[in-house]
Structure formats: C-alpha cells, structure tokens
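Asks: Sequence first, then the predicted structure:
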Amino acid sequence: MPDQGLRADGPGVDGVAPLQVQAHWDAAAEVWWAESDDLPGLVTEAPSYPELIRHIKSLAPMILLENPGREADGVSVRVAGDVLNTGRRFSLNAATASR
C-alpha cells in the first residue's frame with residue numbers, strides 16, 4: 001500500500017498546528033507501525049489500526065514530557081495512514097501519561 005501524504009491542517013485546540021504522525025501498514029508482518037518527526041522517539045506497532053491509535057495516545061504524552069518545549073495538555077495529534085480514510089486527529093491529556 002502506498003503512503004498517503006500528510007495534509008496541512010489548521011491549528012489544534014492549543015492554537016498550534018497538530019503534531020504529525022505517519023502510520024504505515026506492513027503487509028509482510030501484518031502490522032501497523034507509526035513514526036513521527038514531531039514526537040522524537042515515537043516508533044510503535046500494533047496488529048490493528050485502532051490499537052495503533054491507542055498506543056500513540058498512550059506514548060505521545062510521555063514523549064512530550066521528555067522533550068521540553070510543548071505541553072502535552074490539549075496538544076492535537078494528526079495520524080495519517082497508508083490507506084485512505086484512516087486518518088485520525090485527537091487531543092492529548094497529560095494526566096494520562098505515566099511518569
């Protein structure tokens with residue numbers, strides 16, 4: 001499946017452009033995996049797209065806590081996938097991050 005390019009989005013709920021995450025389908029391994037230049041260190045995989053989104057929602061606040069410059073509360077994250085109609089956008093809540 002070819003990668004779908006990321007679209008430019010308007011500001012998130014925090015007034016800043018959303019963090020961009022790219023999701024990929026690995027047909028050989030039959031898993032979704034994600035990476036992001038906006039979230040240094042984010043590399044995760046899951047057997048389903050909804051589970052991948054749960055992983056990203058869990059990991060992103062912790063990564064933001066480790067990388068100063070942007071608070072996790074209210075940050076918008078945009079996930080763009082390999083397959084049409086797989087894009088998701090959500091806001092983070094730092095209170096859910098494990099410390």
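Replies: That came through fine. Just so it is clear, the model here is predicted, and its values are computed rather than measured.
Asks: Could you pull out the helices in the protein for me?
Replies: Secondary structure of the chain (DSSP state H): helices at 49-66.
Asks: which helices and strands does the lengthiest strand in the chain pack with?
Replies: Criterion DSSP state E: the longest strand present in the chain is strand 19-26. For strand 19-26, the packing partners by 3 or more CB pairs under 8 Å, 6 or more residues apart in numbering; DSSP states H and E come out as strand 31-35, helix 49-66, strand 76-80. Just so you know, the C-beta spots here come from the backbone N, C-alpha and C atoms, and that holds for glycine as well.
Asks: and the first one, which strands flank it?
Replies: In other words, strand 31-35. Paired neighbours of strand 31-35 in the sheet (DSSP bridges): strand 19-26 (antiparallel), strand 43-46 (antiparallel).
Asks: For burial, what's the neighbour tally of Trp25?
Replies: 17 (other CB atoms under 10 Å).
Asks: quick one: it and Gly81 touch, right?
Replies: Yes - using CB atoms under 8 Å, Trp25 is in contact with Gly81, at 7.4 Å.
Asks: so what's in contact with these two at the same time?
Replies: Common contact partners of Trp25 and Gly81 (CB atoms under 8 Å, 6 or more residues apart in numbering): Trp32.
Asks: mind saving the C-alpha coords of the longest strand of the chain as PDB?
Replies: Written as PDB, here are the backbone C-alpha positions of strand 19-26 (Å, rounded to 0.1, in the frame of the first residue of the first chain):
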ATOM      1  CA  LEU A  19       1.800  17.100  15.700                       C
ATOM      2  CA  GLN A  20       2.000  14.800  12.700                       C
ATOM      3  CA  VAL A  21       2.300  11.100  12.900                       C
ATOM      4  CA  GLN A  22       2.600   8.800   9.900                       C
ATOM      5  CA  ALA A  23       1.100   5.300  10.100                       C
ATOM      6  CA  HIS A  24       2.200   2.500   7.800                       C
ATOM      7  CA  TRP A  25       0.800  -0.900   7.000                       C
ATOM      8  CA  ASP A  26       3.500  -3.700   6.800                       C
END
